[in-house]
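Peer 1: Sequence first, predicted model second:
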Amino acid sequence: MDDKITTVEELKQVVKKYNEERDWTQFHDPKELAIVLSTESNELLSIFRFKNQNQMQEILDSNRREEIEDELADIFNGILRFAQLYNINLSEVFERKMEKNRKKYPVELCKGKNKKYNEYKN
């Protein structure tokens, strides 16, 4: 598979088939899938916990890169499964959310800054 040619819908179907083959749909209500996302995200976070910038770069350049990629894949799997089961068009909702973010974080106020939207003064 290649990001340049694989669609989100194709990935949703891969996730659907995988889970249906194992009869796991019964375990995938919204709460359980949200727990999956949180758990997998925290597994990714734990790789970088208490690391400085140099140490994080070393991890990214080391044989632990595959571990990082696996955690990202687990998170993405959970997102795809949630969207697949509950009919969420990820491309559409991503575009909508990016438009909201553009309004909350206008370039002229936010460029080069890392504050939360409510900390900026117009």
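Peer 2: It's in.
Peer 1: what about Glu58, how many residues close to it?
Peer 2: Residues lying near Glu58 (other Cβ atoms under 10 Å) number 12. Any C-beta I mention is one placed from the backbone N, CA and C, and that applies to glycine too.
Peer 1: wait, I meant Ala83
Peer 2: 20.
Peer 1: And it, how close does it get to Glu20?
Peer 2: Separation of Ala83 from Glu20 (Cβ to Cβ, to the nearest Å): 16 Å.
Peer 1: mind showing which ranges of this structure have poor pLDDT?
Peer 2: Applying pLDDT under 70 to the chain flags the ranges 122.
Peer 1: Check which helix or strand Ile47 maps to.
Peer 2: helix 30-48 (DSSP states H and E).
Peer 1: Output that helix as PDB - backbone C-alpha positions only.
Peer 2: Output of helix 30-48 as PDB, limited to C-alpha atoms (Å, rounded to 0.1, in the frame of the first residue of the first chain):
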ATOM      1  CA  PRO A  30     -17.900   4.100  20.800                       C
ATOM      2  CA  LYS A  31     -16.600   3.900  24.300                       C
ATOM      3  CA  GLU A  32     -14.400   0.900  23.700                       C
ATOM      4  CA  LEU A  33     -12.900   2.500  20.600                       C
ATOM      5  CA  ALA A  34     -12.300   5.700  22.400                       C
ATOM      6  CA  ILE A  35     -10.400   3.700  25.000                       C
ATOM      7  CA  VAL A  36      -8.400   2.100  22.200                       C
ATOM      8  CA  LEU A  37      -7.400   5.500  20.900                       C
ATOM      9  CA  SER A  38      -6.400   6.700  24.300                       C
ATOM     10  CA  THR A  39      -4.500   3.600  25.200                       C
ATOM     11  CA  GLU A  40      -2.600   3.400  21.900                       C
ATOM     12  CA  SER A  41      -1.800   7.100  22.000                       C
ATOM     13  CA  ASN A  42      -0.400   6.700  25.500                       C
ATOM     14  CA  GLU A  43       1.800   3.800  24.300                       C
ATOM     15  CA  LEU A  44       3.300   6.100  21.700                       C
ATOM     16  CA  LEU A  45       3.700   8.900  24.300                       C
ATOM     17  CA  SER A  46       5.500   6.500  26.700                       C
ATOM     18  CA  ILE A  47       8.300   6.000  24.100                       C
ATOM     19  CA  PHE A  48       9.200   9.700  24.400                       C
END
